[in-house]
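Enquirer: this is a predicted model, with the sequence first.
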Amino acid sequence: MSNECCTVSRPDESSGAQLFEDTFRHQMNSDGSMQIQDNLFKGRFGSGPGEWPVEAGRYHLVWMPACPHAHKVVITRNLLGLDSVISLGAAGLMRDREGWVFSDDPGGKDPVLGIHYLKEIYTRTKSDFNERPTVPIIVDTKTGLGVTNDHFRIPQQLDTEWKPFHKKNAPDLYPQDLRSDIDELDLFIFKRVNNGVYDVGFARTQAAYEAAYDRLFQALDYLEKRLSSDRFLFGDFVTDSDVRLYPTLARFDVVYNTVFRANRNRIADYHNLWGYARDLYQIPEFRETTCFDKYKIHYQTSPHLRALEGNVYGLVAKGPDTSGWNVPAEERLRLSSHREQKFRVGV
């Protein structure tokens with residue numbers, strides 16, 4: 001498998017709090033907290049009325065390597081072997097006032113979609129669209145229309161509706177007997193951890209920041225305790241919930257701890273969460289899509305984010321040292337009765 005972390009483009013020199021305000025103006029609450037932006041595209045795959053047909057080679061998935069929501073979708077795609085039937089494009093690390101730009105592609109255009117700005121997909125459906133174009137998004141290459149940018153539901157659609165195209169012995173990330181429990185934990189992880197770090201980092205009042213900070217670390221403390229007795233969140237095998245938690249853990253110490261002031265603990269300070277995160281990192285589909293340097297460049301120097309850290313000169317931190325991620329999590333093996341097997345194989 002090729003490394004999905006492509007070359008790094010450097011930021012432009014513009015910065016300031018006003019750009020942050022302009023970027024997230026639709027999501028700001030009067031109490032200083034932020035709300036989640038609704039998804040424009042909520043299409044589903046299947047064979048029913050109004051559903052998009054499951055076809056190999058028809059769809060193009062766009063991500064931005066620093067985005068945690070996109071990361072979980074790419075990991076799922078690769079684990080299931082869908083990288084052979086759903087192509088992948090990458091927006092550059094820096095957005096401008098029009099949104100995500102395909103700045104790293106030849107000619108500044110996505111080679112499959114032929115567009116410069118991701119926003120072009122959004123305005124084809126809604127000509128007056130003026131919110132944030134987001135990744136990930138799956139695009140229909142036949143019509144050039146967006147299918148879904150509902151990152152919360154995309155992994156489960158890949159797990160279920162795309163099963164005819166799963167590779168041989170693909171992992172069962174969403175086993176039937178655990179689905180209701182996975183759904184419940186997925187929502188907790190999304191609200192309290194994946195989005196929780198943004199509630200902390202994007203807070204605009206002290207009260208909103210402290211409330212979000214406490215919620216986030218309460219959630220991490222709960223997960224730390226849960227992982228004291230199980231290798232993964234649902235026992236011996238990786239599930240959809242593990243795929244969803246991992247992207248936030250991978251970004252936490254290199255950016256969220258500092259840039260977002262989520263600094264009560266690092267993930268490396270948690271005995272169980274740190275071993276668990278390293279255990280997942282040893283899996284090629286996790287490791288090869290993890291781009292620590294890109295996370296620092298994006299979160300520390302993006303024009304719409306650098307004001308959060310007061311990074312006037314656009315410096316990129318030299319640390320922290322990420323070599324510890326390469327250390328196998330031998331201590332996690334004792335928690336599993338399938339020491340050499342991390343996945344339940346689908347049928």
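Expert: Nice, thanks for sending it over.
Enquirer: switch to C-alpha atoms for all contacts and neighbour counts from now on
Expert: Fine.
Enquirer: got a list of contacts for the longest helix along the chain?
Expert: For the chain, the longest helix by residue count, based on DSSP state H, is helix 206-226. Outside helix 206-226, the residues that touch it by CA atoms under 8 Å, 6 or more residues apart in numbering are 31-33, 192-193, 196-197, 199-203, 233, 262, 264, 270-273.
Enquirer: any idea how far the closest residue to residue 256 other than its chain neighbours is from residue 120?
Expert: Closest residue to residue 256 apart from its sequence neighbours, by CA to CA, 6 or more residues apart in numbering: residue 262 at 5.9 Å. Taking CA to CA, to the nearest Å as the measure, residue 262 falls 35 Å from residue 120.
Enquirer: which one's more surrounded, these two?
Expert: residue 262 (25 against 20; other CA atoms under 10 Å).
Enquirer: who touches the more buried one in this structure?
Expert: So residue 262 contacts 197, 200-201, 213, 256 (CA under 8 Å, 6+ apart).
Enquirer: pLDDT below threshold where in the protein?
Expert: Scanning the chain for pLDDT under 70 picks out the ranges 1-16, 347.
Enquirer: where exactly do the strands run in it?
Expert: Counting by DSSP state E, the chain has strands at residues 59-63, 87-90, 95-96, 99-100, 137-140, 145-148.
Enquirer: mind listing what's buried along the second one?
Expert: Buried residues in strand 87-90, counting neighbours by 16 or more other CA atoms under 10 Å, are found at 87-90.
Enquirer: take those and write them to JSON lines, including distance to residue 298.
Expert: Below are those laid out as JSON lines (distance: CA to CA, whole Å):
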{"residue": "87", "distance to residue 298": "24"}
{"residue": "88", "distance to residue 298": "20"}
{"residue": "89", "distance to residue 298": "18"}
{"residue": "90", "distance to residue 298": "14"}
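Enquirer: and of these, the nearest to residue 280?
Expert: Closest to residue 280 out of the buried residues of strand 87-90 is residue 88 (22.2 Å), distances taken as CA to CA.
Enquirer: quick one: residue 307 from residue 20, how far?
Expert: Distance from residue 307 to residue 20, by CA to CA: 8 Å.
Enquirer: could you check how many residues crowd around residue 127?
Expert: With other CA under 10 Å as criterion, residue 127 counts 10.
Enquirer: what do you get for the one 3 residues further on?
Expert: The local packing of residue 130 (other CA under 10 Å) involves 12 other residues.
Enquirer: can you check the one 5 residues further on too?
Expert: Using other CA under 10 Å, residue 135 has 24 other residues around it.
Enquirer: OK, contacts around residue 107?
Expert: Residue 107 sits in contact with no residue, where contact means CA under 8 Å, 6+ apart.
Enquirer: do that again at 10 Å, thanks
Expert: 114-116 (CA atoms under 10 Å, 6 or more residues apart in numbering).
Enquirer: please apply the same query to residue 17.
Expert: Residue 17 neighbours (CA under 10 Å, 6+ apart): 23, 303-308, 310.
Enquirer: in helices, which of these fall?
Expert: Checked against DSSP H, those include these in helices: 23, 306-308.
Enquirer: ok, and the most crowded of these?
Expert: Going by other CA under 10 Å, residue 306 tops these with 25 neighbours.
Enquirer: quick check: residue 286 touching residue 73?
Expert: No - using CA atoms under 10 Å, residue 286 is not in contact with residue 73, being 11.1 Å away.
Enquirer: which neighbours do those two share?
Expert: 79, 243.
Enquirer: for residue 270, which non-adjacent residue is spatially closest?
Expert: Using CA to CA, 6+ apart, the closest residue to residue 270 is residue 224 (6.9 Å).
Enquirer: what about that neighbour, distance to residue 72?
Expert: For residue 224, the distance to residue 72 - CA to CA - is 20 Å.
Enquirer: compare these two (neighbour count), which wins?
Expert: Counted by other CA under 10 Å, residue 224 and residue 72 do not tie: residue 72 has more neighbours, with 26 against 18.
Enquirer: check the gap between the more buried one and residue 152 for me.
Expert: 9 Å.
Enquirer: repeat for residue 308
Expert: Distance of residue 308 to residue 152, computed by CA to CA: 26 Å.
Enquirer: one step back: please spell out the ChimeraX selection for the buried subset of the contacts of residue 107.
Expert: Provided next is the ChimeraX selection string for whichever of the contacts of residue 107 are buried by 16+ other CA under 10 Å:
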select :115,116
